[in-house]
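everything below, folded, please.
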Amino acid sequence: MLQVQFIRENKQTVLEGLAKRNFANAESIINQVLTADENRRATQVTLDDVLAESNKLSKEIGGLFKSGEVQKANILKEKTSQLKEQSKELSETLNGFADDLQKLLYQIPNIPHTSVKAGNSEEDNEKIFSEGTIPNLGENALPHWELAKKYDIIDFELGNKITGAGFPVYKGKGARLQRALINYFLDKNIAAGYKEYQVPHLVNAASATATGQLPDKDGQMYHSNEDDLYLIPTAEVPITNMFRDNLIQETDFPITATGYTPCFRREAGSYGAHVRGLNRLHQFDKVEIVRIEHPENSYNALNDMVEHIKNILRELKLPYRILRLCGGDTGFTAALTFDFELFSTAQDRWLEISSASNFETFQANRLKLRFKNKDGKSELAHTLNGSSLALPRVLAGILENYQTENGIKIPEVLVPYCGFSIID
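Model prediction:
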């Protein structure tokens, strides 16, 4: 979340940033934040004065008893009792203002980076890079869901029988290709310096709140009411929360992590042809990269993440493009996001396969993730994350773009991981 001091000192900048996002009632909620903060600070000053007066009287009372002035001591004791009652009431009032302030701050998204353009939707995103050749497959090219059925490698109906729509069953060479992609992505990330972690697939509310999923995306997460645990929508949540409440040293930077997990998203309200097959699932596999960075280096780190994902897609020889998201399409917690999309030749459309984002201090403020700077003062770190990569649409792209009359070729870089070179 945004820091109150930043809002207080940069109100106009905050309002301009929220305007890029088309954030409704921005000025009203910012004014509420400033009022709640003013009330909180004024109450804190009064409480501090009362506590200081109470402590002063307590010392005087001790001296009076020692000198035998019991009557004067008892008068002061009664006054300290009144001060204690007053301090209790002030503490309750202070907690109320603090809770109100926290609830308001949870509603406000991050401020976009200066390079982010205003916009309403994905139609306003900026295309900044493209690479790769779109294959000419001819009129008989099939979408991946028909290829999956033809070669018996993914069974959507069986998944629907077991669980419901959006939970496919991978079979035979389809399952092996899925596993090959996971191992390949992890190996690439480890070779680039990311440390591998295996993390829980459920998190508590504190973790989901710390990375910004709650309360913003509460309705999109699967929740176990009895245990009050959430199925993760991305490995970003447990990996980043490993560093919650940490005070690190400047020498610890950069902290880099990668991990594979299944991901679970309710995707409520997603219907139509664009969600068919692997295009949008409730359960899917993803390999994630996370970085904890010094604020001065975070945007260099973001560029490194983008180049790293580029190299993976080059090795897979898939046609892709990169978009810089506009304010209206940038996620709640991000300051700047680059989306990677590959071209699905059989569907004749672009499919998002990765996002690389810098959250600056937005997550770190909730995480209480700080470092000691050169002056010995605590400062919020910057957090970043990216998909490296999300599997369903990468798999869809491979099936569609590598299809031939004789079967589906396997990208050369994956053959050692698969143990076969064609699905036929």
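
secondary structure element for Tyr417?
Here Tyr417 sits within helix 415-418, counting by DSSP states H and E.

now that helix: mean pLDDT?
For helix 415-418, the mean pLDDT works out to 98.

tell me which strands and helices the top helix by length along the chain is in contact with?
Longest among the helix segments of the chain by residue count, using DSSP state H, is helix 26-66. Other elements packing on helix 26-66 under the criterion 3 or more C-beta pairs under 8 Å, 6 or more residues apart in numbering; DSSP states H and E are helix 4-9, helix 11-20, helix 70-106. (C-beta placed from N, C-alpha, C; glycine too.)

how many other residues sit next to the residue lying closest to Gln32 once chain neighbours are set aside?
Counting by C-beta to C-beta, 6 or more residues apart in numbering, Leu104 is the residue found nearest to Gln32 once chain neighbours are left out, at 5.5 Å. Residues near Leu104, counting by other C-beta atoms under 10 Å, number 19.

and for Leu177?
Counted with other C-beta under 10 Å, the neighbours of Leu177 add up to 25.

how near is it to Leu395?
To Leu395, Leu177 is 7 Å away according to C-beta to C-beta, to the nearest Å.

ok so, going back, so after the helix holding Tyr417, what's the next helix or strand?
Using DSSP H and E, the helix or strand that follows helix 415-418 in sequence is strand 422-423.

each with direction, which strands does that following strand pair with?
strand 407-409 (antiparallel) (DSSP bridges).

can you tell me what sits against the partner strand?
147, 151, 398-399, 402-403, 421-424 (C-beta atoms under 8 Å, 6 or more residues apart in numbering).

rewinding a little: and the longest helix of the chain, how far from the chain's centre?
The chain centre lies 36 Å from the centre of helix 26-66; the measure is C-alpha atoms, centre = their mean, to the nearest Å.

could you chop the chain up by domain?
Annotated domains of the chain cover 4-107, 122-423 [the TED database].

picking up where we left off before, just the helices and strands packed on helix 26-66: most buried one?
Mean neighbours per residue, mean count of other C-beta atoms under 10 Å, is largest over the helices and strands packed on helix 26-66 for helix 11-20, with a mean of 16.

can I get the helices and strands packed on helix 26-66 in JSON lines with mean pLDDT and distance to Asp227?
JSON lines is the format used below for the helices and strands packed on helix 26-66 (pLDDT from 0 to 100; distance: least, C-beta to C-beta, whole Å):
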{"stretch": "helix 4-9", "mean pLDDT": "97", "distance to Asp227": "33"}
{"stretch": "helix 11-20", "mean pLDDT": "97", "distance to Asp227": "36"}
{"stretch": "helix 70-106", "mean pLDDT": "90", "distance to Asp227": "23"}
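
okay, now the unreliable bits of the chain?
Residue ranges of the chain with pLDDT under 70: 66, 268-274.

most centrally placed residue in it?
A centroid search over the chain (C-alpha atoms, centre = their mean) returns Thr211, at 5.4 Å, as the residue closest to the centre.

residues contacting it?
236-237, 240-241, 333, 363, 366-367.

which members of those occur in helices, if any?
236-237, 240-241, 363, 366-367.

would you show me how to pick out the buried ones of those residues in PyMOL?
Restricted to buried positions by 16 or more other C-beta atoms under 10 Å, the PyMOL selection for the ones in helices among the contacts of Thr211 reads:
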select buried, resi 236+237+240+241+363+366+367
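
what's the closest of the ones in helices among the contacts of Thr211 to Thr383?
Using C-beta to C-beta, Gln363 comes nearest to Thr383 of the ones in helices among the contacts of Thr211, at 4.5 Å.

tell me the contacts of the closest one?
When contacts are counted by C-beta under 8 Å, 6+ apart, Gln363 touches 210-212, 240, 333, 369, 383.

7 Å instead?
By C-beta atoms under 7 Å, 6 or more residues apart in numbering, Gln363 lies in contact with 210-212, 240, 333, 383.
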